[in-house]
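[1] next come a sequence and a model predicted from it.
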Amino acid sequence: MRVLKKVEGELDKKFEARERALKANREIVPTCARAIRLVQLRKFGQAREEAERIKRRIKEIEKMLKQYPDLRDSVLGSAYQEYAELVVYLGMVEKGRIVDPGVPAKYFLLGLGDAIGELKRYALELAAAGEHEKARSLYESLEDLYAEYAGLAYPNSIVPGLKHKQDVARKVLNDLKETLLKARIYNP
């Protein structure tokens, strides 16, 4: 009986840490969405500030879970992925390059796939604003990025959903190319 009480006490502590971390984590995904919107509005300073706040929050949650590393992915997985999407998107729009978000590799790859969709929208906004050369340049950068991204082949047990993200990214880039070609034809 004494052993069961000890095990119960250990698991109760783990459960409490998980609940605290989940509560702290709930704000990250919607904050990432707001920061992505700030990038779309070209409010880069505010987007960077939000990204820094999110990064600090992720670090706080990682500390909460330090004693229970097996909980990290289940608690922080979606936050890592959304944060990676934000950082990649912001880096590409603001600096023309990918910035390392400092998250586990599988979440970086999944967030990168999502960022390609955001970058398509950004290229379309550039084209709509008559900035055809910038839109074309971004498209070409995305094609180069995709060539590397599509070359990564890991099973679902290593990077769940990677193949699907790669397939969606290919479709996104095909759609972008078609739209940009039409824009050149109709708006030379």
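    Cool, got the structure.
[2] torsion angles phi and psi at the residue nearest the centre of the chain?
    In the chain, the C-alpha closest to the average C-alpha coordinate belongs to E85, at a distance of 2.0 Å (CA atoms, centre = their mean). The phi/psi pair for E85 (degrees, to the nearest 10) reads phi -60, psi -50.
[3] give me every residue that touches it.
    Contact partners of E85, counting by CB atoms under 8 Å, 6 or more residues apart in numbering, are 32, 36, 111-112, 114-115, 118. From N, CA and C alone the C-beta is placed, and that goes for glycine too.
[4] in which helix or strand would I find D167?
    Mapping D167 onto the secondary structure by DSSP states H and E places it in helix 162-186.
[5] equivalent analysis for A35, please.
    helix 28-40.
[6] what residues of that helix count as buried?
    When burial is assessed from 16 or more other CB atoms under 10 Å, helix 28-40 yields the following buried residues: 28, 31-32, 35-36, 38-39.
[7] residues in contact with that helix?
    Under the contact criterion CB under 8 Å, 6+ apart, helix 28-40 has outside partners 44, 46-47, 50-51, 53-54, 57-58, 78-79, 82-83, 85-86, 89-90, 93-94, 118, 121-122, 125.
[8] run the chain-centre distance for that helix.
    Centroid separation between helix 28-40 and its chain, computed with CA atoms, centre = their mean, to the nearest Å, is 11 Å.
[9] skip ahead from that helix and say which helix or strand is next.
    Downstream of helix 28-40, the next assigned helix or strand under DSSP H and E is helix 44-64.
[10] next, the buried residues of that next one.
    Buried residues in helix 44-64, defined by neighbour count with 16+ other CB under 10 Å: 47-48, 50-51, 54-55, 57-58, 61, 64.
[11] tell me what that helix is packed against?
    Contacts defined by 3 or more CB pairs under 8 Å, 6 or more residues apart in numbering; DSSP states H and E place helix 44-64 against helix 2-25, helix 28-40, helix 72-95.
[12] what packs against the first one?
    Identification of packing neighbours for helix 2-25 by 3+ CB pairs under 8 Å, 6+ apart yields helix 44-64, helix 72-95.
[13] show me where this protein dips below the pLDDT cut-off.
    Residues of the chain that meet the criterion pLDDT under 70 lie in 185-188.
[14] per-domain residue ranges of it.
    What automatic domain parsing lists as the domains of the chain is 1-100, 104-188.
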